[in-house]
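Asks: Fold the following for me, if possible:
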Amino acid sequence: MPRDDPVRLLGHGYGTARWLTERGFAELAPVVASHPVGRLADDAAYRELMDGSPEPRLVAYADKRAAQRLQPMHARFDRWRRRHPDSLEFLELAWPRALELERVVCAAAGLEPSEVRRLRWTRHALATARGTVATREGAP
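Replies: Okay, here's the model as predicted:
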(Lines give C-alpha, C1' and ligand atoms only; values in the text may rest on other atoms or scores of the structure.)
Protein backbone atom coordinates (compact mmCIF):
# COMPACT_ATOMS: atom_id res chain seq x y z
CA MET A 1 0.00 0.00 0.00
CA PRO A 2 1.19 3.51 -0.62
CA ARG A 3 2.56 5.18 2.52
CA ASP A 4 -0.17 7.82 2.44
CA ASP A 5 -3.04 5.30 2.16
CA PRO A 6 -5.24 5.79 5.28
CA VAL A 7 -5.93 2.04 5.36
CA ARG A 8 -2.35 1.56 6.62
CA LEU A 9 -3.44 3.11 9.92
CA LEU A 10 -5.66 0.08 10.53
CA GLY A 11 -2.65 -2.20 10.83
CA HIS A 12 -1.62 -5.33 9.00
CA GLY A 13 -4.68 -7.56 9.42
CA TYR A 14 -7.50 -5.04 9.49
CA GLY A 15 -5.85 -2.82 6.90
CA THR A 16 -5.40 -5.68 4.46
CA ALA A 17 -8.98 -6.80 5.08
CA ARG A 18 -10.22 -3.29 4.25
CA TRP A 19 -7.98 -3.19 1.15
CA LEU A 20 -9.48 -6.48 -0.05
CA THR A 21 -13.02 -5.26 0.62
CA GLU A 22 -12.43 -2.06 -1.34
CA ARG A 23 -11.28 -4.15 -4.29
CA GLY A 24 -14.27 -6.47 -4.36
CA PHE A 25 -12.97 -9.35 -2.26
CA ALA A 26 -15.04 -8.80 0.88
CA GLU A 27 -15.48 -12.55 1.39
CA LEU A 28 -11.75 -12.84 2.15
CA ALA A 29 -11.65 -9.95 4.60
CA PRO A 30 -12.68 -11.78 7.82
CA VAL A 31 -10.12 -14.52 7.29
CA VAL A 32 -7.34 -12.03 6.56
CA ALA A 33 -8.28 -9.73 9.44
CA SER A 34 -7.79 -12.52 11.98
CA HIS A 35 -4.40 -13.82 10.87
CA PRO A 36 -1.73 -11.55 12.46
CA VAL A 37 0.30 -12.88 15.37
CA GLY A 38 -1.11 -10.07 17.50
CA ARG A 39 -4.50 -11.76 17.55
CA LEU A 40 -2.95 -14.66 19.46
CA ALA A 41 -1.96 -12.34 22.31
CA ASP A 42 -5.46 -10.88 22.59
CA ASP A 43 -7.70 -13.13 24.72
CA ALA A 44 -10.97 -12.34 22.92
CA ALA A 45 -9.47 -12.49 19.42
CA TYR A 46 -7.71 -15.77 20.21
CA ARG A 47 -10.88 -17.36 21.56
CA GLU A 48 -12.82 -16.16 18.50
CA LEU A 49 -10.15 -17.63 16.21
CA MET A 50 -10.15 -20.98 17.97
CA ASP A 51 -13.94 -21.22 18.34
CA GLY A 52 -14.84 -20.01 14.84
CA SER A 53 -14.72 -21.61 11.43
CA PRO A 54 -11.58 -23.44 10.30
CA GLU A 55 -10.59 -21.07 7.49
CA PRO A 56 -9.26 -18.27 9.73
CA ARG A 57 -7.29 -20.84 11.75
CA LEU A 58 -5.72 -22.24 8.60
CA VAL A 59 -4.68 -18.80 7.33
CA ALA A 60 -3.40 -17.78 10.78
CA TYR A 61 -1.36 -20.99 11.00
CA ALA A 62 0.05 -20.55 7.49
CA ASP A 63 1.12 -17.04 8.49
CA LYS A 64 3.01 -18.42 11.49
CA ARG A 65 4.90 -20.94 9.34
CA ALA A 66 5.66 -19.03 6.15
CA ALA A 67 7.59 -15.92 5.31
CA GLN A 68 9.37 -16.20 1.97
CA ARG A 69 9.91 -19.86 2.76
CA LEU A 70 8.08 -22.43 4.86
CA GLN A 71 9.83 -22.74 8.21
CA PRO A 72 9.21 -24.27 11.62
CA MET A 73 7.10 -22.02 13.78
CA HIS A 74 9.88 -21.60 16.35
CA ALA A 75 12.08 -20.11 13.61
CA ARG A 76 9.40 -17.61 12.68
CA PHE A 77 8.92 -16.59 16.32
CA ASP A 78 12.69 -16.36 16.82
CA ARG A 79 12.83 -13.94 13.88
CA TRP A 80 10.00 -11.84 15.34
CA ARG A 81 11.79 -11.77 18.70
CA ARG A 82 14.98 -10.47 17.04
CA ARG A 83 13.16 -7.92 14.87
CA HIS A 84 10.78 -6.70 17.60
CA PRO A 85 12.60 -6.83 20.96
CA ASP A 86 10.08 -4.33 22.34
CA SER A 87 7.33 -6.95 21.80
CA LEU A 88 8.88 -9.86 23.72
CA GLU A 89 6.17 -9.97 26.39
CA PHE A 90 3.46 -10.01 23.76
CA LEU A 91 5.29 -12.70 21.71
CA GLU A 92 5.72 -14.89 24.80
CA LEU A 93 1.97 -14.75 25.38
CA ALA A 94 1.33 -15.60 21.71
CA TRP A 95 3.83 -18.50 21.59
CA PRO A 96 1.86 -21.21 23.51
CA ARG A 97 -1.29 -20.15 21.69
CA ALA A 98 0.52 -20.52 18.36
CA LEU A 99 1.52 -24.04 19.40
CA GLU A 100 -2.12 -24.82 20.21
CA LEU A 101 -3.17 -23.37 16.85
CA GLU A 102 -0.60 -25.61 15.16
CA ARG A 103 -1.83 -28.66 17.07
CA VAL A 104 -5.47 -28.01 16.14
CA VAL A 105 -4.82 -27.28 12.45
CA CYS A 106 -2.45 -30.21 11.98
CA ALA A 107 -4.79 -32.60 13.80
CA ALA A 108 -7.64 -31.53 11.53
CA ALA A 109 -5.44 -32.20 8.50
CA GLY A 110 -4.18 -35.51 9.88
CA LEU A 111 -0.57 -34.29 9.86
CA GLU A 112 2.28 -33.69 12.23
CA PRO A 113 3.84 -30.20 11.99
CA SER A 114 7.01 -31.79 10.58
CA GLU A 115 4.93 -33.19 7.70
CA VAL A 116 3.66 -29.79 6.55
CA ARG A 117 5.14 -29.06 3.13
CA ARG A 118 4.80 -26.35 0.55
CA LEU A 119 3.04 -27.76 -2.47
CA ARG A 120 5.22 -28.17 -5.56
CA TRP A 121 2.97 -25.98 -7.68
CA THR A 122 3.00 -23.06 -5.26
CA ARG A 123 6.17 -21.42 -6.57
CA HIS A 124 4.89 -21.45 -10.15
CA ALA A 125 1.41 -20.25 -9.12
CA LEU A 126 2.85 -17.34 -7.15
CA ALA A 127 5.21 -16.37 -9.94
CA THR A 128 2.36 -16.51 -12.44
CA ALA A 129 0.18 -14.33 -10.20
CA ARG A 130 3.01 -11.82 -9.92
CA GLY A 131 3.41 -11.83 -13.71
CA THR A 132 7.00 -13.03 -13.56
CA VAL A 133 6.36 -16.30 -15.40
CA ALA A 134 5.15 -16.48 -18.96
CA THR A 135 2.37 -19.01 -19.46
CA ARG A 136 1.77 -20.98 -22.60
CA GLU A 137 -1.04 -19.63 -24.73
CA GLY A 138 -4.31 -21.05 -23.51
CA ALA A 139 -2.80 -22.39 -20.27
CA PRO A 140 -4.06 -20.93 -16.99
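Asks: Please, which helix or strand holds the residue nearest to Glu100 when sequence neighbours are not counted?
Replies: Closest residue to Glu100 apart from its sequence neighbours, by CB to CB, 6 or more residues apart in numbering: Met50 at 7.4 Å. All C-beta atoms are positioned from the backbone trio N, CA, C, and that covers glycine. Here Met50 sits within helix 43-51, counting by DSSP states H and E.
Asks: Please identify the buried residues of that helix?
Replies: Ala45, Tyr46, Leu49 (16 or more other CB atoms under 10 Å).
Asks: Give me the mean pLDDT for that helix.
Replies: Average pLDDT, helix 43-51: 94.
Asks: now that helix, how far from the chain's geometric center?
Replies: 15 Å (CA atoms, centre = their mean, to the nearest Å).
Asks: circling back: now the buried residues of helix 43-51 in CSV, with distance to Lys64?
Replies: Formatted as CSV, the buried residues of helix 43-51 follow (distance: CB to CB, whole Å):
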residue, distance to Lys64
Ala45, 14
Tyr46, 13
Leu49, 12
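Asks: which one among these gets closest to Arg97?
Replies: Tyr46 (5.5 Å; CB to CB).
Asks: for that closest one, what are its contacts?
Replies: Counting by CB atoms under 8 Å, 6 or more residues apart in numbering, Tyr46 touches Arg39, Leu40, Arg97.
Asks: Low-confidence ranges, this structure, go.
Replies: The model of the chain has pLDDT under 70 over residues 1, 119-123, 126, 132-140.
Asks: tell me, what residue is most central in it?
Replies: Centroid-nearest residue in the chain: Asp63, 2.6 Å away (criterion: CA atoms, centre = their mean).
Asks: thought that one was touching His35?
Replies: Yes - contact status for Asp63 versus His35: in contact at 4.7 Å, counting by CB atoms under 8 Å.
Asks: returning to that earlier point: and the residue nearest to the centre of the chain, its phi and psi?
Replies: phi -60, psi -30 (degrees, to the nearest 10).
Asks: What distance do you get for it to Glu27?
Replies: 18 Å (CB to CB, to the nearest Å).
Asks: And Lys64, by the same measure?
Replies: From Lys64 to Glu27 the distance is 23 Å (CB to CB).
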